[in-house]
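Asker: Sequence and computational prediction follow.
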Amino acid sequence: MQFFNHVIKLFFCSEQRLKGGRPIVFDRQIIRHYAPKSPLVLVTGDSERFAEHCNARRCAALCFDEDAALLDVPYFSYGGAEDFAAQARLLFAALRRLDGIAPEIAAHAPKAQGLGLAVYNRLLRATEFRIV
């Protein structure tokens, strides 16, 4: 995951320089798309790790169906862990429903494959690349 974060930072924070030698800095609005007002973090790993993070921080959870039984915090499921079509369909409605419920929202990261990669990409932008 560290390598992936490094590649993303390199891609979005180019080493190109302006004439004055200053690095090119991208406006945060370009990176942050379709994000709730509450801070959002993307949590990788299995259901137990995700639930442990959410329960410890008392944050609202954007979870998979399989995670719900492990959570002691407000949550909204955006489909099964392997149901990428449901995740894509429910993502933004789920984020809107969770916004403002808790000081922070944690989203369980989908697998970055097939349609899940598109959902993962949207979540990366909504979290401003905050991954735990």
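Answerer: Sure thing, it's come through. Numbers count the residues shown, from 1 in each chain.
Asker: could you pull out the helices for the protein?
Answerer: According to DSSP state H, the chain carries its helices in the segments 2-12, 28-31, 47-57, 84-98, 115-126.
Asker: Run through this structure and note the low-pLDDT ranges.
Answerer: Within the chain, the ranges that satisfy pLDDT under 70 run 1-35.
Asker: gap between Cys59 and Phe92?
Answerer: Here the distance between Cys59 and Phe92 works out to 19 Å (Cβ to Cβ, to the nearest Å). For glycine as for every other residue, the C-beta is placed from the backbone atoms N, C-alpha and C.
Asker: rewinding a little: nearest to Ala109, of the helices of the chain?
Answerer: Smallest distance to Ala109 across the helices of the chain (Cβ to Cβ): 6.2 Å, for helix 115-126.
Asker: which non-adjacent residue is nearest Arg58?
Answerer: Val73 (6.0 Å; Cβ to Cβ, 6 or more residues apart in numbering).
Asker: Go ahead and confirm that neighbour touches Ala56.
Answerer: No. Counting by Cβ atoms under 8 Å, Val73 sits too far from Ala56 to count as a contact (9.7 Å).
Asker: if we can go back for a sec, can I get the helices of the chain in TSV with mean neighbour count and distance to Asp67?
Answerer: Converted to TSV, the helices of the chain look like this (neighbours: other Cβ atoms under 10 Å; distance: least, Cβ to Cβ, whole Å):
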stretch	mean neighbour count	distance to Asp67
helix 2-12	10	22
helix 28-31	10	27
helix 47-57	17	5
helix 84-98	18	13
helix 115-126	19	15
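Asker: Take those helices and write them to JSON lines, including distance to Asp65.
Answerer: Output for these, formatted as JSON lines (distance: least, Cβ to Cβ, whole Å):
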{"stretch": "helix 2-12", "distance to Asp65": "26"}
{"stretch": "helix 28-31", "distance to Asp65": "30"}
{"stretch": "helix 47-57", "distance to Asp65": "10"}
{"stretch": "helix 84-98", "distance to Asp65": "9"}
{"stretch": "helix 115-126", "distance to Asp65": "15"}
